[in-house]
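Chemist: sequence below, structure please.
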Amino acid sequence: MSGDMPATIGSITRMTRGSCSRAARESRWVARARISVERPETTRANGRGQAPRGEGFPPYGGGAHVAEGWTLGAGVRGLEGDVAASPRVRVIVWLLLCGLVPWAAVKTVWTLGGDALGVTGQDWRRGIESDGGAVYQALAAVGVDLTVLAALLGVFLALGLVHRWGKVFPRWVPLVAGRRVPALLPLVPAWGVGLCLGGYGIVLLVMVPLSLVGVIPPFAPPAPFTSSGDVTWMILFGGLAFGGLGCALVVGAWSYARRKQCDGPCERRQTGA
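Modeler: You can find the predicted model right below:
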């Protein structure tokens, strides 16, 4: 029993020294990170929200919260551009964008010459030739619907607002490749288009059940539709598409603006963005 006492005391001493040394390393790393954040011009950030070269994350679990705070930091030049939205926000945006699928599928079928909702591809093509512009007709001739193409641009904008690649110009963009995206460049169209499309889509979604229960008259089938039921389905698909895309843009713009407003290291779980 007494022979084991020195070994036990030695083990406790080594554990204490190890803890103190570990705490000291954490303190020094935190101090360096704080200086780097407060004076970004003295750091050599690699453009991916990581620590400056030579001052990597501590190789032990005790500094995990510091590493998280570094990678999620916003509002600091060199760090804020790579902060993505929280997983919850990204899931919401993706679910809202799924509302485009029925509407885009029907329009694509018509453009490719197929039949859907009582409308043939030929009838749809004749309507484009009589009412559509030159660009619309040219795209339809190669199987591309102009409104679906515009919706895809909206999807690109919505996804860019909630992912990291939306904060920095891609490499294939000439002249500005690798530079930060100005905040107003995506926010202005996102707020403007999002509010208009979202409001329009919600109105359509409200009109469909009101028509079904007789509160408002049934929808008259305009050419090339042949029945009120087919028009009702298309209005429902349009409401899901426009409302979903508009709300996705609004949610993405809100998240983007919140993350841009971070004035220092701030964690996504604190802002909810």
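
Chemist: right, and I128 touches A140 too?
Modeler: Yes - using C-beta atoms under 8 Å, I128 is in contact with A140, at 5.1 Å. To be clear about C-beta, it is placed using only N, CA and C from the backbone, and glycine gets the same treatment.

Chemist: who touches both of the two?
Modeler: With contacts defined as C-beta atoms under 8 Å, 6 or more residues apart in numbering, no residue is shared by I128 and A140.

Chemist: how many residues are close by the residue nearest to V162 when sequence neighbours are not counted?
Modeler: Computed as C-beta to C-beta, 6 or more residues apart in numbering, the closest residue to V162 that is not its neighbour in sequence is A85, at 3.8 Å. By the criterion of other C-beta atoms under 10 Å, A85 has 26 neighbours.

Chemist: do the one 4 residues further on as well
Modeler: For V89, the number of neighbouring residues by other C-beta under 10 Å comes to 22.

Chemist: so the residue nearest to V162: helix, strand or coil?
Modeler: coil (DSSP: H, G, I helix; E, B strand; the rest coil).

Chemist: got the confidence number for it?
Modeler: A85 is assigned a pLDDT of 88 by the prediction.

Chemist: quickly find the element holding V109.
Modeler: Using DSSP states H and E, V109 sits within helix 100-111.

Chemist: what helices or strands is that helix leaning on?
Modeler: helix 121-131, helix 146-162, helix 228-260 (3 or more C-beta pairs under 8 Å, 6 or more residues apart in numbering; DSSP states H and E).

Chemist: mind redoing it with 7 Å?
Modeler: Other helices and strands packing on helix 100-111, by 3 or more C-beta pairs under 7 Å, 6 or more residues apart in numbering; DSSP states H and E, are helix 146-162, helix 228-260.

Chemist: buried deepest among those, which one?
Modeler: Most buried of those by mean neighbour count (mean count of other C-beta atoms under 10 Å) is helix 228-260; its value is a mean of 22.

Chemist: where does pLDDT dip in the stretch 151-273 of the chain?
Modeler: Filtered on pLDDT under 70, the stretch 151-273 of the chain yields the residue ranges 262-273.

Chemist: show me what stretch 96-111 is in contact with.
Modeler: Stretch 96-111 is contacted from outside by 116-117, 119, 121, 124, 140, 143-145, 147-148, 151, 155, 158, 234, 237-238, 240-241, 243-245, 247-248, 251, using C-beta atoms under 7 Å, 6 or more residues apart in numbering.

Chemist: what's the average pLDDT for it?
Modeler: The average pLDDT within stretch 96-111 is 94.

Chemist: so which bits of it are buried?
Modeler: L96, L97, G99, L100, P102, W103, A104, V106, K107, V109, W110, T111 (16 or more other C-beta atoms under 10 Å).

Chemist: distance to R258 added to those residues, as a markdown table?
Modeler: As requested, those are exported to a markdown table (distance: C-beta to C-beta, whole Å):
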| residue | distance to R258 |
| --- | --- |
| L96 | 18 |
| L97 | 20 |
| G99 | 24 |
| L100 | 25 |
| P102 | 31 |
| W103 | 30 |
| A104 | 30 |
| V106 | 36 |
| K107 | 34 |
| V109 | 39 |
| W110 | 40 |
| T111 | 38 |
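
Chemist: and the angle for the helix or strand containing G192 with helix 228-260?
Modeler: Under the criterion of DSSP H and E, G192 resides in helix 184-212. Interaxial angle, helix 184-212 versus helix 228-260 (axes from the mean of the first three to the mean of the last three C-alpha atoms, to 10 degrees): 150 degrees.

Chemist: report the angle between the axes of helix 184-212 and helix 146-162?
Modeler: Using the same axes, to 10 degrees: helix 184-212 against helix 146-162 is 120 degrees.

Chemist: what helices and strands are in contact with helix 184-212?
Modeler: Applying 3+ C-beta pairs under 7 Å, 6+ apart, we find helix 184-212 packed against helix 146-162, helix 228-260.

Chemist: for R180, find the nearest of those helices.
Modeler: Among the helices and strands packed on helix 184-212, the nearest to R180 by C-beta to C-beta is helix 228-260 (10.4 Å).

Chemist: just the angle between the closest one and helix 100-111, please?
Modeler: Angle of helix 228-260 versus helix 100-111, following the same axes, to 10 degrees, is 130 degrees.

Chemist: helices or strands next to helix 228-260 in the packing?
Modeler: helix 87-97, helix 100-111, helix 146-162, helix 184-212.
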